[in-house]
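A.B. asks: no FASTA, just this:
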């Protein structure tokens with residue numbers, strides 16, 4: 001089994017910054033794509049940013065230029081640096097990772113964290 005644990009959420013004023021972290025643990029051989037999603041009240045879950053093992057990244061248009069995703073494969077961690085936060089960034093943020101459990105695993109499996117609340121309000 002694999003566990004993903006997010007941290008770093010909280011309340012911040014508009015224009016402020018937060019850094020989310022997600023630690024993966026358990027039976028892990030390697031991790032392919034890692035990502036951050038969010039779900040605002042009464043909205044569907046949306047992809048915020050993802051990062052491939054190669055380091056290639058992609059972002060939702062709404063966060064481009066403000067958010068930066070990064071990863072540390074030695075620690076099985078993924079981060080989301082969020083700058084210039086806006087009230088519309090308020091949501092529960094979820095970490096997602098596709099994990100190969102062993103060297104012989106034929107495919108990676110998706111795992112999710114429990115989420116961390118980010119509230120942007122004055």
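C.D. replies: All right, it came through fine. The model shown is predicted, which means the values in this text are computed figures rather than measured ones. Residues are numbered from 1 along each chain as shown.
A.B. asks: Closest to the centroid, which residue in this protein?
C.D. replies: Closest to where the C-alpha atoms of the chain average out (C-alpha atoms, centre = their mean) is residue 36, at 2.7 Å.
A.B. asks: partners of it in the sheet?
C.D. replies: Under the criterion DSSP bridges, residue 36 forms beta bridges with residue 49, residue 95.
A.B. asks: Tell me the confidence at it?
C.D. replies: Looking at residue 36, its pLDDT is 98.
A.B. asks: was I right about it contacting residue 48?
C.D. replies: Yes. Applying C-beta atoms under 8 Å as the test, residue 36 and residue 48 come out as touching, 4.4 Å apart. For every residue, glycine as well, the C-beta is placed using N, CA and C.
A.B. asks: Mutual contacts of the two, please.
C.D. replies: Overlap of the contact sets of residue 36 and residue 48 (by C-beta atoms under 8 Å, 6 or more residues apart in numbering) consists of 69, 80, 93.
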